[in-house]
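> for reference, the sequence and a predicted model appear below.
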Amino acid sequence: MLRALPADPRRILIVRLGSIGDVARVLPMLNGLRQKFPDAEIDWVVQSKAADVLRGHPQIDELFVVPFRRWREILSRDPWQLRSRMRARGYDLVLDFQGMLKGAVWAVAAGGRGVRVGWGPGHARNLAWLWYHGLRYPAAKDVNRHLRHRSLVEWLDVPDVVAARPEFDSEERSRIDEFLETIRDRTRPWLLAYPGSSVSGSHKRWDPARLEAALREIKQRSGGTLLIGWGPAEEQEAQALADALGDAHLIPPTTIRELTYLLSRCDLFIGMDTGPMHLAGLVGTPVVAVFGRSSAAVHGPAEHLPGVAVAGAEARHWPRRTRAGLDPFTDPEPAAVIDAALEVLASRRGG
C-alpha cells in the first residue's frame, strides 16, 4: 500500500549495510539530512564489516549492527532482538541505499509504519523495489555513486554537501601519531600507496611491476616519502613492494578508523578501486585511483572530491562470474598514473 511521503520526518533510518567504500559514499547524504532536518533523529543499520566507519559518528543517533555474517544465521535470536530495538524507534522515513533484497529486509523489519523509499525498477536488484512505498530513479544506471545516492534524497531538498569529517579519539590517534613521529623528518609530500584489495575484489589489482614503476617515479619526481598500506592478509604483499622500492615505509597494522586517521595526515593516496580509496576521499585527501576492471565513471572520486581516476581500456563493470581468478590488470600504463599524481600534487600546492 502506498503511503504519503513525509515532508518533515522526525526519525529517519539509513539502510546501507556494506562495504567500507559503499558506506563511506553515503556519508555525504547523512550530512545533508542532518543539515536539512537538524532536530530529527537519524539512525543507521550496517553490517559488522563496515561498522567501524560509522562508530562514534556525531551525526548518527543510534547505530544498529547486523549481528550475523551469513543469512542462515537469521534464525537465531539476535536478529529478532535487533528488529525489535529498531522497530521501537518508530521511524517516519526509511531510506534504503542498498537497493538489494538484503537491504529491503531490514528496511521492512525496522520500518513499522515508516515510509520506505528506495530505487525503482531497473535500479534495484532482486525485486527489492516491491518493498518500497516511494521509488526514486537515478539519471542513468552508470552514474557516479554520489549522484545515484543523491537521487534518493534530493526530493527532500537535502543540500548537496561533503561528508562531515570523522572524529578520532586519543587512542585511535596515538598509535598513528607514534608511527608518524618516526618519519617526522622525512620530506613532504607523504604518499600512501595501497597495493592490495579485498578477496572479492582481487580482479581490481594492478600489475605489481607497473605499480612499483609508477611509485618509484612519483617519489623521485615529487621528492616525497612513500608509505605502503595494507590490510588483513596483505602484509606480505605490501612488504614485498616496500622492499622492492627500497626507500618506503610499511605502515603498522591498523583498524579501519586508524587507517582513516592516517589517510587524513597524508598528502596523496595512490591505489585501486578499494575501500581505502573512498576513506581517503572521506577525509579530503587527494586520490589517484587506478581502474582496470571496474567502472571509473561509477566508482571513481565524485566531482566535488580532490583527485582523479586513471582508467585502462577494460575499466568497466565486470560481472562476478567473469572476474574470478583473473591475473592483475596491466592497462593503464605507469606513465598515465605518474602524470596524474604529479598534476594532483601540483594543483594542491598551487591551491
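Happy to help now that I have it.

> then the helix or strand encompassing residue 310 to PDB, C-alphas only?
Following DSSP states H and E, one finds residue 310 within strand 307-311. C-alpha atoms of strand 307-311 as PDB (Å, rounded to 0.1, in the frame of the first residue of the first chain):
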ATOM      1  CA  GLY A 307      41.800  13.600  -7.100                       C
ATOM      2  CA  VAL A 308      41.400  11.700 -10.300                       C
ATOM      3  CA  ALA A 309      40.700   8.300 -11.800                       C
ATOM      4  CA  VAL A 310      43.100   6.800 -14.300                       C
ATOM      5  CA  ALA A 311      41.300   4.100 -16.300                       C
END
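
> what packs against whatever helix or strand comes next after it?
Next along the chain after strand 307-311, taking DSSP H and E as the criterion, comes helix 320-323. Counting contacts by 3 or more C-beta pairs under 8 Å, 6 or more residues apart in numbering; DSSP states H and E, helix 320-323 packs against no other helix or strand. The C-beta positions use only the backbone N, C-alpha and C, and glycine is treated the same way.

> quick one: mean pLDDT over helix 320-323.
Per-residue pLDDT values across helix 320-323 average out to 82.

> buried ones in that helix?
Buried positions in helix 320-323, judged by neighbour count with 16 or more other C-beta atoms under 10 Å: residue 323.

> give me the contact list for it.
Helix 320-323 is contacted by residues 203, 293 when judged by C-beta atoms under 8 Å, 6 or more residues apart in numbering.

> now the element after that helix, going C-ward?
For helix 320-323, the following helix or strand on the C-terminal side (DSSP H and E) is helix 334-350.

> tilt between that following helix and strand 307-311?
170 degrees (axes from the mean of the first three to the mean of the last three C-alpha atoms, to 10 degrees).

> what residues does helix 334-350 touch?
189, 191, 210-211, 213-214, 217-218, 221-222, 224, 267-268, 270, 286, 288, 290, 306-308, 310.

> can I get that helix in PDB? Just the C-alpha atoms.
Coordinates of each C-alpha in helix 334-350 appear next as PDB, following Å, rounded to 0.1, in the frame of the first residue of the first chain:
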ATOM      1  CA  PRO A 334      52.500   3.700 -15.400                       C
ATOM      2  CA  ALA A 335      53.200   6.900 -17.300                       C
ATOM      3  CA  ALA A 336      49.500   7.900 -17.100                       C
ATOM      4  CA  VAL A 337      49.400   7.300 -13.300                       C
ATOM      5  CA  ILE A 338      52.700   9.200 -12.800                       C
ATOM      6  CA  ASP A 339      51.400  12.200 -14.700                       C
ATOM      7  CA  ALA A 340      48.100  12.200 -12.800                       C
ATOM      8  CA  ALA A 341      49.800  12.000  -9.400                       C
ATOM      9  CA  LEU A 342      52.200  14.900 -10.300                       C
ATOM     10  CA  GLU A 343      49.300  17.000 -11.600                       C
ATOM     11  CA  VAL A 344      47.200  16.500  -8.500                       C
ATOM     12  CA  LEU A 345      50.200  17.300  -6.200                       C
ATOM     13  CA  ALA A 346      51.000  20.500  -8.300                       C
ATOM     14  CA  SER A 347      47.300  21.600  -8.100                       C
ATOM     15  CA  ARG A 348      47.300  21.100  -4.300                       C
ATOM     16  CA  ARG A 349      50.400  23.200  -3.900                       C
ATOM     17  CA  GLY A 350      49.000  25.800  -6.200                       C
END
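
> what mean pLDDT does that helix have?
The model assigns helix 334-350 a mean pLDDT of 92.

> how distant is it from the center of its chain?
23 Å (C-alpha atoms, centre = their mean, to the nearest Å).

> do stretch 168-180 as well
That offset, for stretch 168-180, works out to 22 Å (C-alpha atoms, centre = their mean).

> may I see the buried residues of it?
168, 172, 173, 175, 176, 179, 180.

> now those residues as a markdown table including secondary structure, pLDDT and distance to residue 333?
Below are these laid out as a markdown table (DSSP: H, G, I helix; E, B strand; the rest coil; pLDDT from 0 to 100; distance: C-beta to C-beta, whole Å):
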| residue | secondary structure | pLDDT | distance to residue 333 |
| --- | --- | --- | --- |
| 168 | coil | 92 | 37 |
| 172 | helix | 90 | 38 |
| 173 | helix | 94 | 38 |
| 175 | helix | 93 | 37 |
| 176 | helix | 96 | 34 |
| 179 | helix | 96 | 33 |
| 180 | helix | 96 | 33 |
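
> show me the two of these that sit farthest apart.
The most widely separated members of those, counting by C-beta to C-beta, are 168 and 179 (14.3 Å).

> mind checking which of the contacts of helix 334-350 are buried?
Using 16+ other C-beta under 10 Å, the buried members of the contacts of helix 334-350 are 189, 191, 210-211, 213-214, 217-218, 222, 224, 267-268, 270, 286, 288, 290, 306-308, 310.

> inside strands: which ones of these?
Among the buried ones among the contacts of helix 334-350, DSSP state E puts 191, 268, 270, 288, 290, 307, 308, 310 in strands.

> sheet-wise, list the partners of the longest strand anywhere in the chain with their directions.
As assigned by DSSP E, the longest strand anywhere in the chain is strand 41-47. Strand partners for strand 41-47, identified by DSSP bridges, are recorded as strand 11-15 (parallel), strand 62-66 (parallel).

> relative to the whole chain's centre, how far out is the first one?
Read it as strand 11-15. Its chain's average C-alpha position is 19 Å from that of strand 11-15, according to C-alpha atoms, centre = their mean.
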